[in-house]
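> next input, structure requested:
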Amino acid sequence: MFRPFPLLDGYRAIAAFMVLTTHVAFNTGEIRTPVLGPILGRMDFGVTLFFLLSGFLLYRPWARAAMVAGDGPAVGGYALRRAARILPAYWLMVAFTLLLLPEIQPVRWEAWPVHLGLMHIYVPGFTLEGLTQTWSLATEVAFYILLPLLAWLAGRRGRGNPDASARFQLVILAAAVLVAWVFTVLRVSGALGTSTITGYWLPGFLDWFALGMAAAVIQVRLGMGGAPAWMGAVRQVAQATGWCLLIAAGLAVIAATPIAGPLTFDPASPNSLVIKHLLYGAIAAFMLLPGFLGVGDTREAPMRGSWWAAILASPVVVYLGTISYGVFLWHLVLLRFIQNALGLEVFAGGFWLVWPLVVLASIAVASASWFILEKPVLAWAHRRTPGESGRAPQQPPAPRSPAVP
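Coordinates of the predicted model:
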């Protein structure tokens with residue numbers, strides 16, 4: 001069983017509150033203010049952080065299983081745990097929104113199966129206020145479905161030979177990146193039609209997930225000793241926490257300029273769409289490297305002396321990361337109720353009044369969701385699927401020479 005990474009809950013908190021902040025900034029019109037507005041408007045790259053985190057954490061047991069010729073997670077247990085993590089809390093939020101949010105009443109009956117089934121990124125005409133952030137959840141679920149197949153394909157060669165297995169896994173992940181960019185070129189060129197929903201489909205985001213998966217491959221291989229020198233160099237970069245964060249911040253400033261396209265609903269050029277996608281992937285990668293590779297997977301000595309680790313591993317930040325899924329789910333519908341209660345029209349201002357209220361309301365509702373619903377359901381799912389973490393065989397074969405195919 002893998003021990004937990006001490007910093008990744010903190011990253012979840014950052015991602016969730018970035019998404020919350022960018023939505024409040026957009027709904028209040030704060031994104032139109034000079035300097036700060038564009039920065040707030042680009043905090044939607046919190047979604048990119050979530051995608052990389054999913055790729056890293058979910059693929060890691062399969063990466064290790066291939067390198068040691070062990071058993072990866074059973075697909076049935078994996079599916080049950082993913083469903084338990086995502087669906088009950090999501091269904092509750094969707095039902096609440098469809099029943100009670102005034103702006104979308106009356107709701108067509110078709111909206112219920114489309115949204116409860118996470119099909120709204122495939123069926124045009126079902127973008128609803130209070131639920132727009134869930135496009136990324138539908139994309140995540142598509143990745144969950146594809147992941148066992150990707151893991152099977154990436155684990156077919158070099159089993160039991162850590163170096164050969166790691167190389168082949170990275171080749172498969174490079175192919176996934178190529179698929180993402182072929183899809184992106186087809187989409188921005190208009191070859192897939194003019195509908196905007198294609199911009200939410202999984203193929204266009206496979207490169208982001210693959211970045212997290214590649215970090216998992218490198219992290220697992222480094223943990224076995226005798227890793228290739230280039231992997232050690234990547235770890236050295238990750239351990240330079242300040243430089244990683246400085247580079248991420250510099251790229252975020254670039255992303256806040258017009259080079260990455262408009263912040264509003266104005267149409268973006270194909271070039272700006274591609275640039276924004278590249279920048280978001282790079283920002284997320286540099287932000288997450290210290291958490292992926294700059295610290296071991298124990299809680300005893302997480303990057304001792306690192307101010308960044310101290311922040312991410314602090315009790316408050318860890319708690320916010322624990323409830324981050326609820327924050328992500330509920331913040332948008334709560335934002336609309338708060339704006340209505342204050343008599344504020346959309347785009348009419350009030351960011352500095354609305355933002356703290358949405359933060360507090362989201363934390364309260366997410367906490368209730370965690371303790372009443374999410375935590376009990378997750379505990380039940382893990383009782384049903386114990387010990388499935390990419391187990392190695394009882395007597396794993398000794399690693400062969402890298403020269404042996």
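
> mind checking how far the spatially closest residue to Gly155 that is not a sequence neighbour is from Ala310?
Nearest non-adjacent residue to Gly155, counting by CB to CB, 6 or more residues apart in numbering: Ala66, 3.5 Å away. From N, CA and C alone the C-beta is placed, and that goes for glycine too. Going from Ala66 to Ala310 by CB to CB, to the nearest Å gives 35 Å.

> of those two, which one has the most company?
Ala66 (29 against 13; other CB atoms under 10 Å).

> how distant is whichever strand or helix holds that one from the center of its chain?
For Ala66, the enclosing helix or strand under DSSP states H and E is helix 46-68. The chain centroid and the centroid of helix 46-68 are separated by 10 Å under CA atoms, centre = their mean, to the nearest Å.

> next secondary structure after it?
helix 75-100.

> next SSE downstream of that next one?
Heading C-terminal from helix 75-100 (DSSP H and E), you reach helix 111-116.

> buried ones in whichever helix or strand comes after that next one?
Per DSSP H and E, the first helix or strand lying C-terminal to helix 111-116 is helix 135-154. By neighbour count with 16 or more other CB atoms under 10 Å, helix 135-154 contains the buried residues 135-144, 147-148, 150-151, 154.

> and the residue nearest to Gly155, what does it touch?
Gly72, Ala151, Ala154, Gly155, Gly158, Arg159, Ser165, Gln169 (CB atoms under 8 Å, 6 or more residues apart in numbering).

> the fifth one: what secondary structure?
Going by DSSP: H, G, I helix; E, B strand; the rest coil, the secondary structure assigned to Gly158 is coil.

> for it, which non-adjacent residue is closest in space?
Closest to Gly158 by CB to CB, 6+ apart is Ala164, at 3.0 Å.

> measure Ile283 to Thr28 for me?
In terms of CB to CB, Ile283 sits 24 Å off from Thr28.

> likewise for Ala238?
37 Å.

> Pro88 too?
Distance from Pro88 to Thr28, by CB to CB: 31 Å.

> cool, Phe143 as well?
For Phe143, the distance to Thr28 - CB to CB - is 32 Å.

> same thing with Pro270?
30 Å.

> what does Arg159 give?
Counting by CB to CB, the gap from Arg159 to Thr28 is 54 Å.

> of those two, who's got more company?
Between Arg159 and Thr28, Thr28 has the larger neighbour count (other CB under 10 Å), namely 26 against 17.

> quick one, what contacts the more buried one?
Taking CB under 8 Å, 6+ apart, one finds Gln339, Leu344, Val346, Phe347, Ala348, Gly349, Gly350, Phe351, Val354, Trp355 in contact with Thr28.

> Val253 too?
So Val253 contacts Ile39 (CB under 8 Å, 6+ apart).

> sorry, back to before: mark which of the contacts of Thr28 are buried, thanks.
Gln339, Leu344, Gly350, Phe351, Val354, Trp355.

> with adjacent residues omitted, what lies nearest to the fourth one?
Right, the one you point to is Phe351. Nearest one to Phe351, counting by CB to CB, 6+ apart, is Glu30 at 3.8 Å.

> show the contacting residues for the one you found.
Glu30 neighbours (CB under 8 Å, 6+ apart): Val24, Leu36, Gly37, Leu40, Gly349, Phe351.

> look at the first one and give its secondary structure.
Secondary structure of Val24, reduced to three states by three-state DSSP: helix.

> what do you get for the fifth one?
Classification of Gly349 using three-state DSSP returns coil.

> hang on, isn't it packed against Arg32?
No: in this structure Gly349 lies outside contact range of Arg32 using CB atoms under 8 Å: 9.6 Å.

> closest to the centroid, which residue in the chain?
Against the mean C-alpha coordinate of the chain, by CA atoms, centre = their mean, the closest residue is Phe50 at 1.4 Å.

> show me the contacts for that residue.
Counting by CB under 8 Å, 6+ apart, Phe50 has contacts Arg12, Ala15, Ser136, Glu140, Phe328.

> what would these look like in JSON lines with distance to Leu80 and pLDDT?
Output for the contacts of Phe50, formatted as JSON lines (distance: CB to CB, whole Å; pLDDT from 0 to 100):
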{"residue": "Arg12", "distance to Leu80": "22", "pLDDT": "97"}
{"residue": "Ala15", "distance to Leu80": "25", "pLDDT": "98"}
{"residue": "Ser136", "distance to Leu80": "22", "pLDDT": "97"}
{"residue": "Glu140", "distance to Leu80": "16", "pLDDT": "98"}
{"residue": "Phe328", "distance to Leu80": "22", "pLDDT": "98"}
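
> for those residues, give me TSV that also has distance to Ala214.
Below are the contacts of Phe50 laid out as TSV (distance: CB to CB, whole Å):
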residue	distance to Ala214
Arg12	20
Ala15	19
Ser136	20
Glu140	18
Phe328	25
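
> tell me the one of the residues you listed nearest Met287?
Ala15 (9.4 Å; CB to CB).

> what's the weakest-modelled helix or strand in this structure?
When the helices and strands of the chain are scored by mean pLDDT, DSSP states H and E, helix 307-312 comes last with a mean of 90.

> tell me how far that helix lies from the chain's centre.
20 Å.

> same check, this time on stretch 75-85
Centre to centre, stretch against its chain (CA atoms, centre = their mean), the figure for stretch 75-85 is 17 Å.
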